[in-house]
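Q: my questions are about this predicted structure, shown below with the sequence.
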Amino acid sequence: MRIIRGFMYTLQPYERGIQELVGKYSGFVSPGLGFQIPMLQLVRVRDVREHTMDIPPQPVITKDNVEIRVDGVMWVRPKADEESIKKTFYNIDNWKRAIIQLAMTNLRQEFGDLTLDESLVAREKIATNLQSVLNQFADDWGLVISKVEIMLIDPPEDIKIAMHKQKTAEQERRAMRLLATGEFEAAEQQKKATIQRAEGDREATIRKAEGEREASIRIAEGKAEAIRLVNEAAEQYFQGNAQILRQLEMTETSLKNNAKIVLAEKGINPTLLLGSLPVNMTTEEK
């Protein structure tokens, strides 16, 4: 606040004032050039810009009986209308000191309703509640609290150490859980890969066996066809002993190829057992 007693005065755009005549209110003073009667009149000027005001650090007791130190900052300005400017002069002697003391008192009350853990995560809530309470009182003083911020919440050293240990343990627990999760997922992937590999090997073995079986059948069928053609040729082109000799050669060839023969009453009856496809070769009687 500043007081103007001279004949001529000037108010800046961010200033508002009241004029008094012989100690009584006589009018509202707006920015610009003005005149007054010295010794009889004076002008009291108020800066209506935002005022940044610190809430000093102070100890507070939380709901769970833990003493912590807190401080904050708030932005306060006088309202620019005539009635509010009059209140800043006539309703309160030192509005800055008054609003700081009010903030300190209500700050202790806000933290007293919360536990330590709640206080550490409720800065915004505390600031909003404090601003609302302060504005209820500040309106009677022609003021408005634009914003409140909680700057510091400082627990005792032993609480800090315990919190640090708790945080470290929590981080280690999370790290172990992530590691275990990673190992489990890796084991699952390994299991799936092993199953897929085994299924692939099994399928390859089946395909290989089927191929070998098919090849054996084809070879046996070819040999059986060759033997049949030999027998037909022997019957057609060989007579007597020559025919018998040819049949014996055919039998010898069959034995070399691990075929089976049956000795019947009427001679040698070679039977080629090729899997499930037997091929019978009947010889002429001697």
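A: Alright, I've got the coordinates.
Q: secondary structure element for Leu179, which one?
A: helix 157-237 (DSSP states H and E).
Q: helices or strands up against that helix?
A: Counting by 3 or more Cβ pairs under 8 Å, 6 or more residues apart in numbering; DSSP states H and E, the packing neighbours recorded for helix 157-237 are helix 241-256, strand 267-274, strand 277-280. C-beta coordinates here come from the backbone N, C-alpha and C atoms, glycine included.
Q: could you redo the last one with a cut-off of 6 Å?
A: helix 241-256 (3 or more Cβ pairs under 6 Å, 6 or more residues apart in numbering; DSSP states H and E).
Q: coming back round to it: just how off-centre is the helix holding Leu179 within its chain?
A: 35 Å (Cα atoms, centre = their mean, to the nearest Å).
Q: and what about Leu42, helix, strand or coil?
A: strand (DSSP: H, G, I helix; E, B strand; the rest coil).
Q: which residue, neighbours along the chain excluded, lies closest to it?
A: Leaving aside its sequence neighbours, Leu42 sits nearest to Arg5 (Cβ to Cβ, 6 or more residues apart in numbering; 5.0 Å).
Q: where does the stretch 151-286 of the chain dip in pLDDT?
A: 163, 230-231, 233-286 (pLDDT under 70).
Q: go again using 80 as the cut-off
A: 158-160, 162-172, 220-286 (pLDDT under 80).
Q: burial of Lys147, as a residue count?
A: Lys147 has 13 neighbours, counted by other Cβ atoms under 10 Å.
Q: go on, Val70?
A: Val70 has 23 nearby residues by other Cβ under 10 Å.
Q: please parse the protein into its domains.
A: Per the record, the chain has its domains at 2-47, 51-155, by automatic domain parsing.
Q: as CSV, these with distance to Thr194 would be great.
A: Below are those laid out as CSV (distance: least, Cβ to Cβ, whole Å):
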stretch, distance to Thr194
domain 2-47, 79
domain 51-155, 48
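Q: pick the most deeply packed of those.
A: domain 51-155 (a mean of 17; mean count of other Cβ atoms under 10 Å).
Q: how far off centre is it?
A: Counting by Cα atoms, centre = their mean, domain 51-155 is centred 37 Å from the centre of its parent chain.
Q: and that domain, end to end?
A: This stretch, domain 51-155, spans 29 Å end to end (Cα to Cα, to the nearest Å).
Q: renumber starting at 5 from here on
A: New numbering, starting at 5: the last item is domain 55-159.
Q: what ranges does the stretch 5-154 of the chain have for its helices?
A: With helices called from DSSP state H, counting those that start in this stretch, the stretch 5-154 of the chain shows them at 86-94, 99-116, 120-124, 127-142.
Q: neighbouring contacts of the second one?
A: Outside of helix 99-116, the residues within contact range by Cβ atoms under 6 Å, 6 or more residues apart in numbering are 59, 62, 64, 66, 80, 92, 96, 123, 130, 133-134, 137, 141, 145.
Q: how about a cut-off of 8 Å?
A: With Cβ atoms under 8 Å, 6 or more residues apart in numbering as the test, helix 99-116 has contacts from 55, 57-60, 62, 64-67, 72, 74, 76, 78, 80, 82, 92, 96, 123, 130, 133-134, 137-138, 141-142, 145-147, 149, 152.
Q: and if you look at the shortest one?
A: For helix 120-124, contacts defined as Cβ under 8 Å, 6+ apart pick out 66-68, 70, 72, 115, 130, 157, 159, 163.
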